[in-house]
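>>> Return a 3D structure for these sequence lines:
(2 chains)
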Protein chains: 2
Amino acid sequence: MKRVMCIPNYSEGRDLEKVDKIVECFRAKENVKLVDYQADKDHNRTVVEVIGEPEAVIKAVIESVKVAQEVIDMTQHEGAHPRMGAVDVVPFVPITEVTTEDCVEYAKEVGKAIGELGIPVYLYEDAATTPGRQNLAKVRKGQYEGFFEKIKEEEWKPDFGPQEMNAKSGATAVGARFHLVAFNVNLNTDKVEIADAIAKKVRHIGGGLRFAKAIGLPLEERGQVQVSMNLVNFEKTRIYQALEMVKSEAKRYGVTVYGTEIIGMVPLQALIDSAAYYMQVEEFSAEQVIETLLIEE
Amino acid sequence: MKRVMCIPNYSEGRDLEKVDKIVECFRAKENVKLVDYQADKDHNRTVVEVIGEPEAVIKAVIESVKVAQEVIDMTQHEGAHPRMGAVDVVPFVPITEVTTEDCVEYAKEVGKAIGELGIPVYLYEDAATTPGRQNLAKVRKGQYEGFFEKIKEEEWKPDFGPQEMNAKSGATAVGARFHLVAFNVNLNTDKVEIADAIAKKVRHIGGGLRFAKAIGLPLEERGQVQVSMNLVNFEKTRIYQALEMVKSEAKRYGVTVYGTEIIGMVPLQALIDSAAYYMQVEEFSAEQVIETLLIEE
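The predicted structure follows:
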């Protein structure tokens, strides 16, 4: 069965009745599984995680946009998280029998439908129509308040919908991306400058791994520091490569790895790739994992 | 959902019509998934692998025993594999929300039903009623032909069914065991005595790992040798422990590991345990693997 993940973000995290109306769009829908949702009061934002058959997910997402359009009024919105619209971002991530290219198509389908609701839409990341729109932070720069002017610039003509800000609903970014693996390495030192220096060597922009982003952070309570990484393509830049590169850079400071953290969800293949490396497994297929037999086909 | 695996072995691997009648018992049954089956001509034996809800699996297994009782005549059976009955062995293995103790109960339920069909039944491995019946090879010793005498001994009074051999169907062993991980380590040497010596140090009976069985084998085409292991409790004796112990023993011969093999199915947790060890992951739960979200609950 084809499956996609979608992680839509809505600019409402305080009024739980409104949040529930939005989340309801993903409940008890055939071929749609509501994995999780988190309403954050400080951010005044709700992040929904759903997995399912692409057309069913697309339908539910569009339904949720209509509900958000009704219940959220961006002229009244405040919250700590950057945002540009009632439905702020809608990323699609491939899960089974679906490619990133397929997800780009889903993003366009959803983008078109949102545009037809009178909301300006920007395609971002792998769905971006220009390189300048790949980075979500650049798209969202100026936020809701700034978009009334920004949208008038030719460079920021929306991919779908009117070239005019929707005061009540703002603008929406719809995108496609590969599954991101959040991987942290905790070091036996309290010197954050060491974590910083290692992060700079490991990450892509510093000449390191092509699909790694990294920063150094203090872990004050533990008296340690962390190299916090996002691996944006785990198939090409593998977890073990990131770990081994951190270890190798840490050596010049006489620092060792205390432990690591995999944050959130991780695809089975990402684990298998690293397990197979360390265990020197000559051939191994995900189909050898018993649990994969239990997945509905 | 509770799920058990059952791997019944039938003494027919040549007449594919008969094999199909047996396998049919596991097809299109609600809450029973036929994972695989292999009919082996040399062994004249078919191994079926099913996963499903325990009561549904038990029902299908008993149905298959009735079919085997009808279509297989042990007085005519020959084949390379040791066997004592038309339905030779029926092991139950825990998969989800089920313990080995639960599997012992399933084995007893199936054993009782088979006994009522007039077939002597021996419970083995974790379902054994005496320590002398834990080892399947000991239970099956003498095979079909020898059982006409063996069954008369007080020590070999069946756990269920008549204390008299069933000439047409033989006797059946029904058991419960933990999932077994078959793990091989290939060494950069062609000296099988080195693989032998390492196997002896690694395995339980030689003073090695509690839940490891191991032998040394030549891999003639590759010009290498192999330490071939069965890890009979992967939760307690982990894959990485077996690998690290082989490596450590190999050092004294100046021999290195060329590669490893995981044969057949492996539980996700077994992979996670070893990946987490090598990657130094502080905390990781199987629920973080995306694929587990796709398993029917």
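>>> what secondary structure does the residue in the stretch 101-250 of chain A that chain B sits nearest to sit in?
Among all residues of the stretch 101-250 of chain A, residue A:243 sits closest to chain B, at 5.9 Å; criterion: CB to the nearest CB. (C-beta placed from N, C-alpha, C; glycine too.) Of the three states, residue A:243 takes helix under DSSP: H, G, I helix; E, B strand; the rest coil.
>>> how far away is the closest residue to it other than its chain neighbours from residue B:73?
Excluding the flanking residues, the one nearest residue A:243 by CB to CB, 6 or more residues apart in numbering or on different chains is residue B:279, at 5.9 Å. With distances taken as CB to CB, to the nearest Å, residue B:279 is found 55 Å from residue B:73.
>>> Point me to the helix or strand that includes residue A:26.
In the assignment (DSSP states H and E), residue A:26 maps to no helix and no strand.
>>> The stretch 1-150 of chain A against chain B: which residues are in contact?
Along the stretch 1-150 of chain A, the residues adjacent to chain B under the rule CB under 8 Å from any CB of the partner chain are A:3, A:5, A:33, A:35, A:51, A:95, A:96.
>>> Which residues are in contact with the residue of the stretch 101-250 of chain A closest to chain B?
Residues touching residue A:243, when contacts are defined by CB atoms under 8 Å, 6 or more residues apart in numbering or on different chains, comprise A:183, A:185, A:257, A:260, A:274, B:279, B:280.
>>> Can I get whichever helix or strand the fourth one is part of in PDB, CA atoms only?
Using DSSP H and E, the secondary-structure element containing residue A:260 is strand A:257-263. This file holds the C-alpha atoms of strand A:257-263, laid out as PDB (Å, rounded to 0.1, in the frame of the first residue of the first chain):
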ATOM      1  CA  VAL A 257      31.200  10.000  23.300                       C
ATOM      2  CA  TYR A 258      29.100   9.500  26.500                       C
ATOM      3  CA  GLY A 259      26.000   8.500  24.600                       C
ATOM      4  CA  THR A 260      23.700   9.400  21.700                       C
ATOM      5  CA  GLU A 261      20.000  10.100  21.200                       C
ATOM      6  CA  ILE A 262      17.700   9.400  18.300                       C
ATOM      7  CA  ILE A 263      14.800  11.900  18.700                       C
END
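>>> residues making contact with whichever helix or strand comes after it?
Towards the C-terminus, the helix or strand next in line after strand A:257-263, according to DSSP H and E, is helix A:268-278. Surrounding helix A:268-278, the residues in contact under the criterion CB under 8 Å, 6+ apart are A:179, A:181, A:234-235, A:238-240, A:243, A:281, A:284, A:286, A:289, A:292, B:240, B:268, B:271-272, B:274-275, B:278-279, B:289-291.
>>> Leaving out chain neighbours, which residue sits closest to residue A:35?
Spatially, and ignoring its direct neighbours in sequence, residue A:35 is nearest to residue A:49 (4.2 Å; CB to CB, 6+ apart).
>>> Could you do residue A:78 as well?
In space, not counting the residues next to it along the chain, residue A:78 is nearest to residue A:44; the distance is 6.5 Å by CB to CB, 6+ apart.
>>> hang on, isn't that neighbour packed against residue A:86?
No: shown here, residue A:44 and residue A:86 do not form a contact pair, counting by CB atoms under 8 Å, at 11.4 Å.
>>> So for those two, which residues contact both of them?
Shared contacts of residue A:44 and residue A:86, defined by CB under 8 Å, 6+ apart, are found at A:11, A:12, A:77.
>>> buried ones in stretch A:131-146?
For stretch A:131-146, the neighbour count (16 or more other CB atoms under 10 Å in any protein chain shown) marks A:133, A:134, A:136, A:139, A:140, A:142, A:143, A:144 as buried.
>>> any low-confidence regions in chain A?
Scanning chain A for pLDDT under 70 picks out the ranges A:297.
>>> Tell me which stretches of it form helices.
Ranges of helices within chain A are A:16-24, A:54-71, A:100-116, A:136-140, A:143-150, A:192-202, A:239-251, A:268-278, based on DSSP state H.
>>> from the middle of its chain, how far away would the longest one be?
The gap between the average C-alpha position of helix A:54-71 and the chain average comes to 18 Å, counting by CA atoms, centre = their mean, to the nearest Å.
>>> mind listing what's buried in it?
Under the neighbour-count criterion of 16+ other CB under 10 Å, helix A:54-71 has A:54, A:56-62, A:64-65, A:67-69, A:71 buried.
>>> quick check, nearest of those residues to residue B:253?
For those, the closest approach to residue B:253 (CB to CB) belongs to residue A:54, at 55.0 Å.
>>> That closest one against residue A:2, yeah?
Yes: with contacts defined as CB under 8 Å, residue A:54 counts as touching residue A:2 at a distance of 5.7 Å.
>>> what residues are shared contacts of these two?
Taking CB under 8 Å, 6+ apart as the contact criterion, the residues that touch both residue A:54 and residue A:2 are A:98, A:102.
>>> The residue nearest to residue A:78: neighbour count?
19 (other CB atoms under 10 Å in any protein chain shown).
>>> can you pull the contacts of the closest residue to residue A:256 other than its chain neighbours?
What sits nearest to residue A:256 in space, not counting adjacent residues and going by CB to CB, 6+ apart, is residue A:188, at 5.0 Å. With contacts defined as CB under 8 Å, 6+ apart, residue A:188 is in contact with A:224, A:255, A:256, A:257, A:258.
>>> What of residue A:50?
For residue A:50, the contacting residues are A:5, A:6, A:7, A:8, A:26, A:32, A:33, A:34, A:35, A:57, A:60, A:61, taking CB under 8 Å, 6+ apart as the criterion.
>>> before we move on, back to that, pull the most distant pair out of the buried residues of stretch A:131-146.
Maximum pairwise distance among these (CB to CB): 21.0 Å, between A:134 and A:144.
>>> Just list the residues touching whichever residue of the stretch 51-200 of chain A sits closest to chain B, thanks.
Among all residues of the stretch 51-200 of chain A, residue A:51 sits closest to chain B, at 5.9 Å; criterion: CB to the nearest CB. When the contact criterion is CB under 8 Å, 6+ apart, the partners of residue A:51 are A:3, A:4, A:5, A:6, A:32, A:33, A:35, A:57, A:95, B:290, B:293, B:294.
>>> measure the residue of chain A most remote from its centre to residue A:189 for me?
Of all residues in chain A, the one whose C-alpha sits farthest from the chain's mean C-alpha position, using CA atoms, centre = their mean, is residue A:254 at 34.6 Å. As for residue A:254, its distance to residue A:189 is 9 Å (criterion: CB to CB).
>>> swap in residue A:157?
The spacing between residue A:157 and residue A:189, counted by CB to CB, is 49 Å.
>>> neighbour-wise, which of the two wins?
Higher neighbour count among residue A:157 and residue A:189: residue A:189, with 18 against 11, using other CB under 10 Å.
>>> Next, work out how far apart that one and residue A:201 are.
Using CB to CB, we find residue A:189 at a distance of 16 Å from residue A:201.
>>> Over to residue A:105?
Between residue A:105 and residue A:201 the distance, using CB to CB, works out to 37 Å.
>>> With residue A:179 instead?
Going from residue A:179 to residue A:201 by CB to CB gives 25 Å.
>>> Give me the more crowded residue out of the two.
residue A:179 (21 against 17).
>>> mind listing what the more buried one touches?
Shown in contact with residue A:179 (CB under 8 Å, 6+ apart): A:5, A:93, A:94, A:95, A:234, A:265, A:266, A:267, A:270, B:290.
>>> wait, which of those is closest to residue B:166?
Ranking these by separation from residue B:166, with CB to CB as the measure, puts residue B:290 on top at 49.4 Å.
>>> residues near that closest one, how many?
Residue B:290 - counted by other CB under 10 Å - has 22 other residues nearby.
>>> can I assume it is in contact with residue A:267?
Yes: in this structure residue B:290 lies within contact range of residue A:267 using CB under 8 Å: 5.1 Å.
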